[in-house]
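In: Let me see the structure of the following:
(one chain, ligands or ions: 1)
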Amino acid sequence: MIRFSILIAVALLLGLSCKQEKPAPVETDFVWSTEDFSDKRIIRYQLPGFDRLNLQQKKLVYYLTQAGLSGRDIMWDMNYRHNLAIRQALENIVRKYEGDKEAEDWKKFMVYVKNIWFSSGIHHHYSTDKFIPEFSQEYFASLCEATQTEVSEELKKVLFDPSVDAKKNNLDPNLDPVLSSAVNFYEPGITDKEVDDFYKSIIDTTDPTPISYGLNSKLVRGAGGKIEERVWKVGGLYGEAISEMVKWLEKAVEVAENEPQREALKILVEYYKTGDLKLWDDYNIAWSQATAGDIDYIHGFVEVYDDPKALKGSYESIVQVNDFDASERMAVVASSAQWFEDNSPIMDEHKKDTVVGISYKVVNVAGESGDASPATPIGVNLPNAEWIREDYGSKSVSLGNITEAYERAAGPGLLQEFSHDEEEMARSKKHSSLADKMMTALHEVIGHASGKLESGVATTAETLGKYASPLEEARADLVALYYIVDPKLVEMGLMESDEVGKAAYDAYIKNGLMLQLRRILPGKNIEQAHMRNRQMVASWVFEKGQADNVISKVEREGKTYFEINDYAKLRELFGQLLREVQRIKSQGDTAAGSALIENYGVKVDPALHQQVLARSEKLNIPPYGGFINPRLVPVTNDAGEITDIKVEYPEDFTGQMLEYSDKYSFLPIGKK
Ligand code: ZN
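Out: Numbering: from 1, shown residues only. Next up, the predicted model:
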């Protein structure tokens, strides 16, 4: 529930595309995307702001990323019990093979290996289907022979027999989910009922603050066939890797930025040493309250999506550095929150007398591992325990440099295909990166904070029901759209001209009326709240502006384009709609709210939809993105002390995967 991931296609639809306002933070000719294979794109990301950290902070980031990578193999083993042995064999071939690398079979072999690296195992990271080799068993045998790679009969069967462990996580309601899933949280042969019975016998249902039962263990059949837990901890299952993690976390304790952060890290270390889930809760409480400092991290057995029983936590690590630029932008916007409220086009009785901007955190990723790598979320909200969230709060962050890398790696294809003219494209290339960031800041900090209910009106969720969510998003978008062309933003130093706002308008209209239809299956209408909101806003202003030709719909060579003719009038229309949406919310006017959404936000024009699907399909943008991590390299003096940490940006996915296997293989694989 608590994690936002993204498809490449989706990144483009958030109105984000690929261009820049400021010079790229590291290199102007930075290569964002290195290769495509299968249904995947490999992307690089930059780490802006690292040079603004002091040495102690840089060390902290370094130690935390090393702790993260030390657990990498845990995720491989969790995904499937044979993954590490398979990887070892495949990598031996990749390293040693000196035969024909131009042969089609070799290329197919490498795609197979890359798919497995990408998914930390032989099952697709998203569909969880097993990858089926497109080369023959004979060819594989020849590779093994040429490289002296030994592969057992059992493993050959796993690789080449499609029926063996075909699904990592089997959702077929007619099958036993535990027995039929290949994921390695339960020893083969253990059934769904046995898992239920085991946990029923130990869970205390009367405890208002329950531990996360089962989160850090594998269920196995012990002596006499009795079901028992093997706990992931120092000295327990995965102990070799966890000890290595602890070594680095203890170094991190030494360089923590402040006491609350240090305290949380210490509890985390204790938890890894003991496996005590009560300490995991203590840690999460300490961590969610450690909000000061520029560096944060996620480390542990966290999300339970990989487990058919939603009990076992997948290993993951994400190390985060404050996005200083975004924080500054948010702070500047928040400091004028009252000005925005006072000057809003909404009715005076719906304005807040005292408005406080909502804080919204953007961070930059410094390194990821386990469940978060190479495929990554773009935002995270933790901890997961409901009672901790209620009693102690939670942390919610957007991963800024990951989102940016997705946009840049998407390339100019969609922009070229759907832009009306050169001017629009040029503006987008120059300004849309900042436009996207400003839209986010205004939407989150000001948009969701604005407006109040009339007295006697219940909360909007009660009065507006299923329309509450799209209307709330519409209100936040409209506040952002209304202000993004305001001279006030230039005055505040947030942007140099209203061209940024115009780029935001171009993107919003194009996305709301066309691009987002890429996510809708043929014959379907729009369900998702954000998408309903965006189409409602865009099609409302399109219709209301027709008399004045504010936006024209252009048909050229069988293709549709939307061209904004009058940006000032368009702003007025956004203002009118904002006033109306706020009135609906403030008065709880359900009839008007449902009419707005149903008439403008739900139905899809089938012909235009079909056209959008056809035009975008031709661009061949792979749906999944995975990331090459930066490499943090300590610089030491003669005494061996670290004097600086350098950031390098590796360019080769294969190289990084082999390097990680070299440096961070801590789990025994039998004949290692
Ligand atoms: Zn929102």
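In: Val550 reaches Asn565, doesn't it?
Out: Yes - with contact defined as C-beta atoms under 8 Å, Val550 and Asn565 form a contacting pair (6.2 Å). All C-beta atoms are positioned from the backbone trio N, CA, C, and that covers glycine.
In: More neighbours: which of these two?
Out: With neighbours defined as other C-beta atoms under 10 Å, Val550 and Asn565 compare such that Val550 has more, 20 against 12.
In: residues in contact with that one?
Out: Contacts for Val550 (C-beta atoms under 8 Å, 6 or more residues apart in numbering) come out as 541-542, 564-566, 569-570, 573.
In: repeat for Ala435
Out: Ala435 makes contacts with 21, 484, 500-501, 503-504, 507, as judged by C-beta under 8 Å, 6+ apart.
In: Relative to Glu316, how far out is it?
Out: Going from Ala435 to Glu316 by C-beta to C-beta, to the nearest Å gives 32 Å.
In: interface residues of the protein facing the ion?
Out: Listed as neighbours of the ion in the chain under the rule C-beta under 5 Å from the ion: 473, 476.
In: If you count residues, where's the longest strand of the chain?
Out: The strand that spans the most residues within the chain, counting by DSSP state E, is strand 361-370.
In: That one pairs with which strands, and in what direction?
Out: Based on DSSP bridges, the strands next to strand 361-370 in the sheet, each with its direction, are strand 315-322 (antiparallel), strand 395-399 (parallel).
In: how many other residues sit next to the residue of the chain found nearest the ion?
Out: At 4.6 Å from the ion, Ala476 is the closest residue in the chain, using C-beta to the ion. Burial of Ala476 is recorded as 24 neighbouring residues (other C-beta under 10 Å).
In: Distance from the one helix or strand it maps to to the middle of the chain?
Out: In this structure, Ala476 sits in helix 468-483 according to DSSP states H and E. Chain-centre distance of helix 468-483: 23 Å, with C-alpha atoms, centre = their mean, to the nearest Å.
In: Pull the residues that contact that helix.
Out: Defining contact as C-beta under 8 Å, 6+ apart, one finds that helix 468-483 is touched by 340, 344-345, 438-439, 442-444, 446-448, 450-451, 460-461, 464, 489, 504-505, 508, 529-530, 532-534, 536-537, 571, 574-575, 577-578, 581-582, 584-585, 593, 596-597, 601.
In: which of these are buried?
Out: 340, 344-345, 438-439, 442-444, 446-448, 450-451, 460, 464, 489, 504-505, 508, 529-530, 532-534, 536-537, 571, 574-575, 577-578, 581-582, 584-585, 593, 596-597, 601 (16 or more other C-beta atoms under 10 Å).
In: if you look at those residues, which of them are in helices?
Out: Taking DSSP state H as the definition of helices, the buried ones among the contacts of helix 468-483 contribute 340, 438-439, 460, 464, 489, 504-505, 508, 529-530, 532-534, 536-537, 571, 574-575, 577-578, 581-582, 584-585, 593, 596.
In: what about stretch 589-605, start to end distance?
Out: With C-alpha to C-alpha, to the nearest Å applied, stretch 589-605 spans 27 Å between its terminal residues.
In: Tell me the buried residues in that stretch?
Out: Using 16+ other C-beta under 10 Å as the test for burial, stretch 589-605 gives 589-590, 592-594, 596-597, 600-601, 604.
In: go on, stretch 229-243?
Out: 229, 231-234, 236-243.
In: From the residues you listed, which land in helices?
Out: Secondary-structure check on these using DSSP H: residues within helices are 239-243.
In: can you list those in a markdown table and add pLDDT?
Out: As requested, those are exported to a markdown table (pLDDT from 0 to 100):
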| residue | pLDDT |
| --- | --- |
| Gly239 | 98 |
| Glu240 | 98 |
| Ala241 | 98 |
| Ile242 | 98 |
| Ser243 | 98 |
